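> structure, please.
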Amino acid sequence: MSKIGNYIIGIEEDVWGIEGLETKVSESENIEEVFAFVIEKLGLKTNFDIDIAKDAVKDLWFDFWGYY
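Model prediction:
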């Protein structure tokens, strides 16, 4: 896989590895709260990294809330 592909996968894995993420998703009233939580926990600075993390959060959010 390319360097960029590995980089993206690394950030996604970092997001999924955040302790308490599933609880945060279940307790948050909107996805913006989870975005802020993840960005703060990972200390992301660049728009590229933040966008990758947001995409991972969106997947988790819709997987969790898609059942309701």
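> count residues in the vicinity of residue 47, would you?
Residues near residue 47, counting by other C-beta atoms under 10 Å, number 9. Quick note: C-beta positions are derived from backbone N, CA and C, even for glycine.
> phi and psi next, for it.
Residue 47 has phi and psi values of phi -60, psi -40 when expressed as degrees, to the nearest 10.
> likewise for residue 44?
Listed backbone geometry of residue 44 is phi -70, psi 140, with angles given as degrees, to the nearest 10.
> kindly report the same for residue 2.
When quoted as degrees, to the nearest 10, the phi and psi of residue 2 stand at phi -70, psi 170.
> then residue 28?
The main-chain torsion angles of residue 28 are listed as degrees, to the nearest 10 and equal phi -80, psi 140.
> can you tell me the closest non-neighbouring residue to it?
Using C-beta to C-beta, 6 or more residues apart in numbering and skipping the chain neighbours, the partner closest in space to residue 28 is residue 34 (5.2 Å).
> mind listing what the residue nearest the centre of the chain touches?
Nearest to the mean C-alpha position of the chain, by C-alpha atoms, centre = their mean, lies residue 57 at 3.3 Å. Listed by C-beta atoms under 8 Å, 6 or more residues apart in numbering, the contact partners of residue 57 are 15, 25, 31, 34-35, 38.
> closest to residue 68 among the residues you listed?
residue 25 (12.1 Å; C-beta to C-beta).
> do I have it right that residue 18 meets residue 38?
Yes. Residue 18 sits in contact with residue 38 when judged by C-beta atoms under 8 Å, with a separation of 6.4 Å.
> who has more neighbours out of these two?
More neighbours sit around residue 38 than around the other of residue 18 and residue 38, counting by other C-beta under 10 Å; the figures are 23 against 15.
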